[in-house]
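K.L.:
Below: sequence and its predicted model.
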Amino acid sequence: MKALPAMQALLLDVADFDLEIARGQQEVSRLLKGEHIALLRDELAVVNEQFLALRNSEENLQQEIRKVSGDLDSVEKRIAHDQVLLNASTSSKDIDGIEHELRSLRQRKSDLEDTELGLLEQLDSVRAARLDAEDNKAKASAALNDQESSVEALLVKARSSLSLSQQQRATKVALLPAELSAVYERLASRGVAAARLTARDCGACRIALTAAAYDDVVATPADEIATCPNCQAILIRQ
Ligand SMILES: [Zn+2]
């Protein structure tokens, strides 16, 4: 097929843009896939679960403490009440009975106080762990936000440079004769469509032409396109 050498050389520019466009498209899809973002999202889900579990334990402990403290109140009231009865009693049988009850009430009170103390200690450590988890959650959330906005910025940049390459390619293609551009596009849909011939090497498939194939290419008139017998790319000879 006939094509002016200048038009053939133009194919190299188009091929360069095609390479750039392919790289740009890869970059955009890599960013859209957002693997790092998915990792950070998983991390946030884990720390959030830890936080929720600790907050739950904290609430349960607070509830238990309220119950124990209510029980303590009633025991104390009963002790005070028994004390009044004791002071007013004259019958030794009554006094014995009340004193017996007072002893068991005081034991109960001491048990409840121990329980309350134990629960308060547990609450302290759970609260500290919950505060840590809350902190971790805030940090994981900030890291995710940062990554999301930086990926957003990179995506804007990658898309705009891709669109620039596509425009520049279109400008070059518009200069080509229709027939040549049709051949180029057909080849480009399968791989590298045009490449420089350097010594005997095809720049597209990187394979050296055989001596006979090289002689054929060299013998092809300059205003006719020559192709690589191996990959069919148009070989630019200047
Ligand atoms: Zn080749």
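P.N.:
Thanks, I have the structure now. Numbers count the residues shown, from 1 in each chain.
K.L.:
Do I have it right that residue 162 meets residue 22?
P.N.:
No - judged on C-beta atoms under 8 Å, residue 162 makes no contact with residue 22 at a distance of 9.9 Å. Bear in mind the C-beta positions are built from the backbone N, C-alpha and C, glycine included.
K.L.:
quick one: which of these two has more around it?
P.N.:
Taking other C-beta atoms under 10 Å, residue 162 and residue 22 do not tie; residue 162 has more neighbours (18 against 13).
K.L.:
any idea which helix or strand carries that one?
P.N.:
helix 92-175 (DSSP states H and E).
K.L.:
and the next element down the chain from that helix?
P.N.:
Scanning forward in sequence from helix 92-175 by DSSP H and E, the next helix or strand is helix 178-188.
K.L.:
Any residue of the longest strand along the chain touching the ion?
P.N.:
Ranked by residue count and defined by DSSP state E, the top strand of the chain is strand 194-198. No - Strand 194-198 stays clear of the ion (C-beta under 5 Å from the ion), getting no nearer than 6.8 Å.
K.L.:
just checking, what packs against that strand?
P.N.:
Packing partners of strand 194-198 (3 or more C-beta pairs under 8 Å, 6 or more residues apart in numbering; DSSP states H and E): helix 5-33, strand 234-236.
K.L.:
Now do the longest one: which elements does it pack against?
P.N.:
Which is helix 5-33. helix 92-175, helix 178-188, strand 194-198, strand 234-236.
K.L.:
ok, the residue nearest the centre of the chain to residue 157 distance?
P.N.:
Centroid-nearest residue in the chain: residue 37, 1.4 Å away (criterion: C-alpha atoms, centre = their mean). Residue 37 sits 17 Å away from residue 157, going by C-beta to C-beta, to the nearest Å.
K.L.:
Just name the most buried of the helices and strands packed on strand 194-198.
P.N.:
Comparing the helices and strands packed on strand 194-198 by mean neighbour count (mean count of other C-beta atoms under 10 Å), strand 234-236 comes out on top with a mean of 23.
K.L.:
which outside residues touch that one?
P.N.:
8-9, 11-12, 183-184, 187, 193-197, 202, 217, 225-228 (C-beta atoms under 8 Å, 6 or more residues apart in numbering).
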